[in-house]
Every structure is written in structure tokens, then in C-alpha cells.
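Enquirer: what follows is a predicted structure for the sequence shown.
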Amino acid sequence: MSTRDTLFPTSFRAFAELCESLEGTRSRNEKIRLVSSFISGLQPAEVAVAVRFLTGRAFSDQETKKLGVGGATLWKIAKASSLQVPLLSSDFRVSLLDVGRTFESLASLTGKDRQQRAENLLQGLFSRLSDLEKKFTLRLLSGEMEIGAVDGVLLAAIAASSKLTVERARRAYMMMGDVGRVAELALTNPDAIASAKIELFNPVRPMLAEMADSIGKILEYHMNGTAFEYKYDGARIQIHKLGDTVRIFSRRLSDVTASIPEIVTLVKGAAAGKRVLLEGEVIAIDADGKPLPFQDLMRRFRRMHDVGDATAKIPLQLHLFDMLLLDDDELIDRRYAERREILERVLPRELLAPRIVSRDEAEIRGLFDKALAEGHEGLMAKALDSKYEVGKRGKKWFKLKRAETLDVAIVAADWGYGRRTGWLSNYHLAVRDEETGELLVVGKTFKGLTDNEFREMTMRLQELKSSETEFTVTVNPAVVVEVAYDEIQRSPHYRSGFALRFARITRIRGDKRINDVDTVQRLRKLYDQQFARKGMLDEEKSP
């Protein structure tokens, strides 16, 4: 008899031990074996919860529920829990579903005293957990499991635990958008997986692209032809249309229909009478049609009230690049070249992303430079023979962008939580005011370093400590790092007036001194130069 048929709930300790084992092995096959063995022994109600937890998700992506636990709360709980010992005997085990129910309770909290009640709820849970269980609960709360249980590993483990092939599991994941639900059905009702189809208004998971180093490398991988199209500095969306009903979902599968009504109207008119699932990119534009920075677009996506005013102030532009469903015909198994041909036949060409099919590097470079000159990010490169797939990138789609870097000083660092507990790992980055010599913060990042570099940086910054609060260590500036970023944004949160979007450390510059870091004056020029290609709202003009 399978252990799934027993009445004993799975302990959270068993889940934590699995995570510890996954963290301790680099072998992909061993990770698959460990996960497969574990989920095969779960009760049906536990499967989806366990698999979502392995990915660092408390809930499925389609759910709007949020844990609402910030870094400060996590740090406080982590510090307090390190002084606790479990109040209950080792014979009493917190179950996997107990933790799931605690997370449900966290997500349901509202009101002014929400934070205090959240802390009380978590302290009650942590008082019943062992050190190992606390370690992985903190990681779950932070969403950073870092155990190598990526979607591809989980889908292979689901297939190994059921009668499904990996390809069938991957296809079901694309259709359903929730790896936990796929696992649950694979182990309890595999026929439902086998018959899975695209369902309008149930968002599918998007196909992803890898970053490319050069045009030559792309052409080397795409032996059967490549299409190069504009890569926009916008928000990827998927559009579901059935009759006169249109709903639009973000890349993270959230429903954003109410925030972008003009796109709804546009699609109704452009695809009249059609049953379609389209993919595209939305950008914000100024009065002259020039693209606005990403942060202006996000104002629209977050706007739930006074949408009409926002529509007038920050108009949007749609660029479609793929079609996954047309009437009763699923297109995901068609070659990209065929899908694009159908898209061009059904939708007006002015709504489509510009592109060329070429193997001429000079011609491709020309399109790349043209995209940059028009204020866009670069190019997407798509193999003509590629099917639409998720769960593995496989070098079928590439991103080709221009990387910007700055040399900045680390002036403070926050203590990490989750996997980074015990390390100074969220670094405050600063540039120099060449008029006053003052260092001005332009953002934070915890991205780019290896575990060993985190450890070494923690030791180095501790040596440079000038003051400390509960969460943050301020240091005498002596460490210079090179950071890449996607965009410079205006920010009221920093005295510099600017913030680096998606900053990540590319190198530790031991060869540079603090006087060598970039200046806020140069940052201001770089910010203004962005608008040689992009549009600008009045309030975005540099100080």
C-alpha cells in the first residue's frame, strides 16, 4: 500500500530534511530522484503544497494572496527564533499542512495591527519548530529557497512519480500555470493531464529567453534561421479574447485588464469575432510617441482607481509578437515561423513588433542600433523552427541588449534573511558628488555575488563598520564594485534623486579607490541621455 493511502500527515520536518538534501547535492538526477521519492509518499492534499513550497511559492501564481511579510519582520523573527527552543516535545511534529494553513492565515490578515498579528502568528509557529525547520520556513517566507528545485527538476520528478512523460508534464504546466496543481493531478488523475488544453482566461506560462553575448553566437545556435525583432522596455502581456470578452494577464499571470482599458478596446476592434490568445508587449509613450521609462509604465499597471486620468496622462502602445490560439486551433506545437505568419494574417501589421529574418550580422546590427535609437532595449532573436515551450530555455529564444555599468561605493549593508541569514548581503550603493565629495546612495542590490563572496564581503564590511542598527551596518567607504543596471530612474527615496533599476554586481573592483567611483553629475547626464531616445513626463526631468 502506498504511503499516500495512510492517514498520517507528513511532517514539516520531513520536508525540511528533503530541502537540506537537495541543497547538499549538485546532481540534477539526484535532485529529481529525491523529489520524486518524497512526493510519491504524500497524501493527495499535501502534493500541491509541497511542490509549491519547493519552488519558494506559498501559493500558486494565479492567486492574488500575498504573505505580506517584509524583510524587517523576517529579520526580527529570525533573530528571536535563534534564542528559542521548541516548546513541545520531539514527539509532536508540525505537519506540512500546518505550515500551509499558517501561511493562509498570514495572507488573510488585514487592519492597522496587521504587522503585530503577523509577528505573533509566526512566533507561535516558530516556537514549535526545530532549527532545521526554522531555516527553511524563513526561506519560504522570503521566497528564496535556493535548493536547486527549479521548474525543470520538479517537472522531471513529477513525471518520474507518475505515468507521464516529461514533455507531457511540461505541456500541462504551460497550460495550467501551477506546478503544484500539475503534480497533484499527475499523481491522482493523470488522465486530466493528458487531455489538458489551452483554456481561455486561464493564463499560460510564458516561454522565456536566454541572454546572448553576441549576434554570432545566436546564429551559431539557430542553424535553421532566426527572426530578430524589437525588444521593448515594457511589460509582457498575454491577451485572451472570446467574443466581446477580453482579459489581459501580466507575465506573472496576474489579471491587469482593469488597468489598461485602451488595450482591451484596441484588441476588440483588431480581432473582431475571433477567439484568440495573443502575446505582446505594452509600452508607455509620451505625446510625441517616444517610449517612456519602465517606471512610468508601472504606474499604469498598478493603477486601480482613476484609470481614465492615467490613460490620458500615460498612453500605452501595443506590440504583438505571438499567437497561441486561433479559434479552435492551438498553435503552440507549430513552428515560430508559422505562428508569426498566422499572426500577420489575422492582425494589422501596425500592431506587430518590427522584425527581420536574416543571417547578415551587419543587417542585424543595423536593426539593433535602430531599436536603441528609438528608445527600446535591443532585440529578441527567435529560432524559426522553435515550438512554444516552457520549463526549459534550450537557446530557442535569445535577448540581445546593451549593458550599462557604473563603479559605485558600498556605504552600508543589511543583514540577510532566508538563505542569506548571517551575511551582510543587501548592499547600499553610492556615487560621489564631485562638488562636495559626499557619497549619495542610488539604490541597493543583493545580486551578483557567489556564496563565498558574500562571506568574504561580510567579513570585510564588519572590519569597516562605523555604526550599526538592528538591521543595517553602516561602513567606512572603502569597497568599490562595478554594477550593471537596466535603467536610471528618478527616486524620491534617495538624496541623490536617482535609483538604479535592477542593479547587480558584476565585479568587485579591488583596483579602484573611493575617489574613482562614478559621480552623481555623470549619473544625471546618463539619465538625461536616456531621453534622447525615450520620452519624458514633466515630473521626470532631472533636478
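Expert: In hand now; what should we look at? For clarity, every value in this text was computed on a predicted model and none was experimentally measured.

Enquirer: so Val49, which state does it fall into?
Expert: helix (DSSP: H, G, I helix; E, B strand; the rest coil).

Enquirer: that one reaches Ser95, doesn't it?
Expert: No: with contact defined as CB atoms under 8 Å, Val49 does not count as touching Ser95 (10.1 Å). C-beta: built from backbone N, CA, C; applies to glycine.

Enquirer: these two: who's more crowded?
Expert: Val49 (23 against 17; other CB atoms under 10 Å).

Enquirer: state the pLDDT value of the closest residue to that one other than its chain neighbours.
Expert: Among residues not flanking Val49 along the chain, Gly100 sits closest, at 4.6 Å (CB to CB, 6 or more residues apart in numbering). Per-residue confidence (pLDDT) for Gly100: 96.

Enquirer: before we move on, what about the one 4 residues further on?
Expert: Turning to Glu104, the model gives it a pLDDT of 95.

Enquirer: for Lys392, same thing?
Expert: Taking Lys392 on its own, its pLDDT is 60.

Enquirer: that's a helix at Asp528, yeah?
Expert: Yes: the assignment for Asp528, made by three-state DSSP, places it in a helix.

Enquirer: next, count neighbours for it.
Expert: By other CB under 10 Å, neighbour count at Asp528 equals 13.

Enquirer: same check, this time on Ala403
Expert: Counted with other CB under 10 Å, residues neighbouring Ala403 total 10.

Enquirer: setting the sequence-adjacent residues aside, check what's closest to it.
Expert: For Ala403, the spatially nearest residue (CB to CB, 6+ apart) is Ala484, at 5.1 Å.

Enquirer: for Leu140, same thing?
Expert: Phe53 (5.9 Å).

Enquirer: CA atoms only: put the host helix or strand of the one you found into CSV for me.
Expert: Element membership for Phe53, per DSSP states H and E: helix 44-54. Coordinates of each C-alpha in helix 44-54 appear next as CSV, following Å, rounded to 0.1, in the frame of the first residue of the first chain:
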residue,chain,number,x,y,z
PRO,A,44,-3.2,13.8,-2.2
ALA,A,45,-4.0,17.0,-0.2
GLU,A,46,-0.3,17.5,0.5
VAL,A,47,1.2,17.2,-3.0
ALA,A,48,0.4,20.7,-4.4
VAL,A,49,1.5,22.4,-1.2
ALA,A,50,4.8,20.6,-1.0
VAL,A,51,5.7,21.2,-4.7
ARG,A,52,4.9,24.9,-4.5
PHE,A,53,6.9,25.2,-1.3
LEU,A,54,9.9,23.6,-3.1
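
Enquirer: contacts made by the helix or strand that comes right after it with the rest, please.
Expert: Of the helices and strands lying after helix 44-54 in sequence (DSSP H and E), the nearest is helix 71-81. Contacts to helix 71-81, defined as CB atoms under 8 Å, 6 or more residues apart in numbering, come from residues 115, 118-119, 122-123, 126, 129, 134, 138, 141-142, 414-415, 417-418, 421, 426, 470-471.

Enquirer: from those, which would you call buried?
Expert: 118, 122, 126, 129, 134, 138, 141-142, 414-415, 417-418, 421, 426 (16 or more other CB atoms under 10 Å).

Enquirer: tell me which of the residues you listed is nearest to Phe15?
Expert: Of all these, Phe15 sits closest to Leu129, with 11.4 Å by CB to CB.

Enquirer: where along the stretch 351-500 of the chain do the helices fall?
Expert: Assigned by DSSP state H, counting those that start in this stretch, the stretch 351-500 of the chain shows helices spanning 361-373, 451-463.

Enquirer: show me the least confident stretch of the ones you listed, going by mean pLDDT.
Expert: helix 451-463 (a mean of 89).

Enquirer: run the chain-centre distance for it.
Expert: In terms of CA atoms, centre = their mean, to the nearest Å, the centre of helix 451-463 is found 26 Å from the chain centre.

Enquirer: ok, Arg114 - contacts?
Expert: Gly68.

Enquirer: which parts of the worst-scoring helix or strand of the chain on mean pLDDT are buried?
Expert: When the helices and strands of the chain are scored by mean pLDDT, DSSP states H and E, helix 71-81 comes last with a mean of 74. Of the residues in helix 71-81, Thr73, Leu74, Trp75, Lys76, Ile77, Ala78, Ser81 count as buried by neighbour count, 16+ other CB under 10 Å.

Enquirer: tally of neighbours for the residue nearest to Ala403?
Expert: 18.

Enquirer: I'd say it and Arg507 touch.
Expert: No: with contact defined as CB under 8 Å, Ala484 does not count as touching Arg507 (9.6 Å).

Enquirer: so the nearest residue to Ala271 once chain neighbours are set aside is in which element?
Expert: Leaving out its chain neighbours, the residue that sits closest to Ala271 by CB to CB, 6+ apart is Lys241, at 5.8 Å. In this structure, Lys241 is located in strand 235-242 according to DSSP H and E.

Enquirer: need the residues that contact the helix holding Phe53.
Expert: 4, 9-10, 15, 18-19, 22, 35, 38-39, 42, 58-60, 96-97, 99-100, 140, 145, 147, 149, 154, 158, 178-181, 183-184, 187-188.

Enquirer: could you tell me which of these are located in helices?
Expert: The helices, defined by DSSP state H, take in 15, 18-19, 22, 35, 38-39, 96-97, 99-100, 140, 154, 158, 179-181, 183-184, 187-188 from these.

Enquirer: put the buried members of these into a ChimeraX selection.
Expert: Applying 16+ other CB under 10 Å to those, the buried members can be selected in ChimeraX as follows:
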select :15,18,19,22,35,38,39,96,97,99,100,140,154,158,179,180,181,183,184,187
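
Enquirer: what number of residues lie near Gly24?
Expert: Neighbour tally, Gly24, other CB under 10 Å: 11.

Enquirer: and the residue nearest the centre of the chain, which of the three is it?
Expert: By CA atoms, centre = their mean, the mean C-alpha position of the chain lies nearest to Arg252, the distance being 7.6 Å. Three-state assignment for Arg252 (three-state DSSP): coil.

Enquirer: check contacts around it.
Expert: Contacts of Arg252 by CB under 8 Å, 6+ apart are Asp61.

Enquirer: show me which positions of the helix holding Phe53 end up buried.
Expert: For helix 44-54, by 16+ other CB under 10 Å, it's Glu46, Val47, Ala48, Val49, Ala50, Val51, Arg52, Phe53, Leu54.
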